[in-house]
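Q: this one's sequence-less:
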């Protein structure tokens with residue numbers, strides 16, 4: 001009787017992990033581990049370039065390939081840091097909003113209304129000077145009707161704005177500032193300070209210079225503070241429309 005054939009050894013199973021390429025430098029293999037300094041540096045480079053391209057081309061016009069190429073990455077490697085263009089776009093918007101909300105929250109904790117407003121106006125204008133692309137990305141999203149960010153704006157900005165308005169109302173009750181429509185006061189401050197990011201090229205052209213200077217922003221700060229604070233000087237009650 002011929003010997004029974006030996007059972008064949010099963011072929012090794014190739015797992016998904018084995019098929020995946022190694023993560024790029026700085027991208028941790030374990031998502032539970034804190035990010036390395038290398039990863040954080042690369043992530044910031046991606047965000048900075050994304051801010052520039054989203055400001056110039058908008059969400060639809062910008063591409064992950066172009067953003068990645070500008071900082072020496074492939075699209076595939078960029079996806080280790082941000083899983084999609086929308087995720088990257090939302091992170092850029094989050095970073096802008098975090099900075100703006102910090103200024104609003106600081107104002108509500110201030111004790112001197114004049115100094116609190118001066119600091120806030122200064123911070124908003126400095127943001128337009130130092131990060132004009134960030135302001136432009138946010139403006140493009142809002143002008144389009146905030147199709148990807150409306151929920152975040154309502155959820156995060158609304159409560160902070162209401163808290164600032166309550167602070168203004170307390171100062172008005174104490175006789176430290178005039179009673180006006182404080183919600184629209186904030187809208188006006190946002191609009192003017194935003195203009196120094198969105199329209200800086202036009203302003204520079206009309207001033208006969210290649211670009212706005214830091215001194216131009218100082219002048220804008222001085223004038224806006226003067227207009228706002230003079231308008232809030234206590235005096236005869238002005239009509240307030242809710």
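A: Thanks, I have it. Since the structure is predicted, the reported quantities are computational estimates derived from the model, not experimental observations.
Q: And the next helix or strand past the strand or helix carrying residue 40?
A: Residue 40 is part of helix 37-61 when elements are defined by DSSP states H and E. Downstream of helix 37-61, the first helix or strand assigned by DSSP H and E is helix 64-70.
Q: Pull out the buried positions in the next helix-or-strand element following that next one.
A: Counting by DSSP H and E, the next helix or strand C-terminal to helix 64-70 is helix 75-81. Of all the residues in helix 75-81, those buried under the rule 16 or more other CB atoms under 10 Å are 77-81. Using the backbone N, CA and C atoms, a C-beta is placed for each residue, glycine as well.
Q: ok, and what's touching the helix holding residue 40?
A: For helix 37-61, the surrounding residues in contact (CB atoms under 8 Å, 6 or more residues apart in numbering) are 24-28, 35, 62, 66-68, 70-71, 73, 78, 81-82, 85-86, 88-89, 91-92, 95, 131-134, 136-137, 140-141, 144, 148.
Q: The nearest residue to residue 82 once chain neighbours are set aside: how many residues sit nearby?
A: Sequence neighbours aside, residue 88 is the residue nearest to residue 82 in space, at 4.0 Å (criterion: CB to CB, 6 or more residues apart in numbering). Neighbour count for residue 88, taken as other CB atoms under 10 Å: 25.
Q: Kindly report the same for residue 123.
A: Number of residues near residue 123 (other CB under 10 Å) recorded here: 19.
Q: if I read this right, it contacts residue 104, doesn't it?
A: No: between residue 123 and residue 104 there is no contact under CB atoms under 8 Å: 9.5 Å.
Q: Show me the common contact partners of those two, please.
A: By CB under 8 Å, 6+ apart, no residue touches both residue 123 and residue 104.
Q: tell me the contacts of the residue nearest to residue 82?
A: 46-47, 50, 64, 67, 78, 82.
Q: Mind picking the two most distant members of these?
A: Within these, 47 and 64 form the most distant pair, 13.0 Å apart (CB to CB).
Q: Just want the most central residue of the protein.
A: Nearest to the mean C-alpha position of the chain, by CA atoms, centre = their mean, lies residue 96 at 1.2 Å.
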